[in-house]
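**Q** this is the structure alone, sequence omitted:
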């Protein structure tokens, strides 16, 4: 799934699944590395979406205060 197509909720859900896998005592070092890399990608998606939402809300509030 492309980053632009993934929703914030989907990214958070995948992160939660990765955390469960990483906490499993049977998790191999090789998988841990891959899970960590994917987690960083998902966190970047979440950060971008939160920042965009914050900026949009600030614009909306600024417009409302002008009226």
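**A** Yep, it's here. The shown structure was predicted, so the numbers you read here are calculated from the model rather than taken from an experiment.

**Q** so who does residue 47 touch?
**A** When contacts are counted by C-beta atoms under 8 Å, 6 or more residues apart in numbering, residue 47 touches no other residue. For glycine as for every other residue, the C-beta is placed from the backbone atoms N, C-alpha and C.

**Q** hey, which helix is longest across this structure?
**A** Identified as the longest helix of the chain according to DSSP state H is helix 29-66.

**Q** tell me the mean pLDDT for that one?
**A** Averaging pLDDT along helix 29-66 yields 95.

**Q** report the central residue of this structure.
**A** Among the residues of the chain, the smallest C-alpha distance to the mean C-alpha position (C-alpha atoms, centre = their mean) belongs to residue 46, namely 2.8 Å.

**Q** hang on, the earlier thing: mind listing what's buried along the longest helix of the chain?
**A** By 16 or more other C-beta atoms under 10 Å, the buried positions in helix 29-66 come out as 35, 39, 42, 45-46, 49.

**Q** now for these, which pair is the farthest apart?
**A** Checking the buried residues of helix 29-66 against each other with C-beta to C-beta, the farthest-apart pair comes out as 35 and 49, at 21.0 Å.

**Q** apart from its neighbours in sequence, what residue is nearest the residue nearest to the centre of the chain?
**A** Closest residue to residue 46 in three dimensions, ignoring its sequence neighbours and counting by C-beta to C-beta, 6 or more residues apart in numbering: residue 11, at 5.1 Å.

**Q** got a list of what the one you found touches?
**A** Residue 11 makes contacts with 42, 45-46, 49, as judged by C-beta under 8 Å, 6+ apart.

**Q** swap the cut-off to 7 Å and go again
**A** By C-beta atoms under 7 Å, 6 or more residues apart in numbering, the contact set of residue 11 is 42, 45-46.

**Q** and of these, the nearest to residue 19?
**A** The nearest member of these to residue 19, counting by C-beta to C-beta, is residue 42 at 10.6 Å.

**Q** alright, I will stop here.
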